[in-house]
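Student: sequence plus predicted model, see below.
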Amino acid sequence: QVQLIESGGGLVQAGGSLRLSCAASGHIFNSYTWSWFRQAPGKERDFVAAITWFDGDEYYADSVEGRFTISRDTAKNTTFLQMNSLKPEDTATYYCAAAAVIASRRRLPSMYDHWGQGTQVTVSS
């Protein structure tokens, strides 16, 4: 059983930065994709970024491309989301997720088996 625990959320002013972490316990398969999603109140859970565990290929939503960077530390079973140039519209609860998911479906929350509890990110204007 894989358990994911996020950390690093908080309150930051627009233009600032935060770094989220997602630590995993349990068996991590090389076939897994690790992703970050976010959900604002009253809205759907949206894809933010993904990274393949085996070779580290990165994928981003258009809304965060160039501002956010996803990375992983395979020795520590941890993924990171470095968020720079934050905007008020980035305010949401951020969730990490993991699954063996095919490329064409990696942006769909329903494809993921394992989820963290979420961490709140609030960006003030």
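Tutor: Sure, I can see it.
Student: which element is the spatially most central residue of the chain on?
Tutor: When the chain is reduced to its mean C-alpha position, the nearest residue by CA atoms, centre = their mean turns out to be residue 36, at 1.9 Å. Using DSSP states H and E, residue 36 sits within strand 33-39.
Student: direction included, what does that strand pair against?
Tutor: Partner strands for strand 33-39, per DSSP bridges, with pairing direction: strand 46-52 (antiparallel), strand 92-99 (antiparallel).
Student: and of those strands, who's closest to residue 8?
Tutor: Nearest to residue 8, of all those, is strand 92-99, at 8.8 Å by CB to CB. Glycine gets a C-beta too; all of them are placed from N, C-alpha and C.
Student: and the next helix or strand past that closest one?
Tutor: Defined by DSSP H and E, the subsequent element after strand 92-99 is strand 114-115.
Student: for that next one, packing partners?
Tutor: Identification of packing neighbours for strand 114-115 by 3 or more CB pairs under 8 Å, 6 or more residues apart in numbering; DSSP states H and E yields strand 3-7, strand 92-99.
Student: can you put those strands in a markdown table and add mean neighbour count and mean pLDDT?
Tutor: Formatted as a markdown table, these follow (neighbours: other CB atoms under 10 Å; pLDDT from 0 to 100):
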| stretch | mean neighbour count | mean pLDDT |
| --- | --- | --- |
| strand 3-7 | 17 | 95 |
| strand 92-99 | 23 | 97 |
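Student: any chance of those strands in CSV, with distance to residue 65 too?
Tutor: Converted to CSV, the helices and strands packed on strand 114-115 look like this (distance: least, CB to CB, whole Å):
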stretch, distance to residue 65
strand 3-7, 22
strand 92-99, 17
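Student: any low-confidence regions in this protein?
Tutor: For the chain, no stretch has pLDDT under 70.
Student: hmm, try it at 80
Tutor: In the prediction, the chain carries residues with pLDDT under 80 at positions 28.
Student: about what we covered before: who does the residue nearest to the centre of the chain bridge with?
Tutor: With DSSP bridges as the criterion, residue 36 is bridged to residue 49, residue 96.
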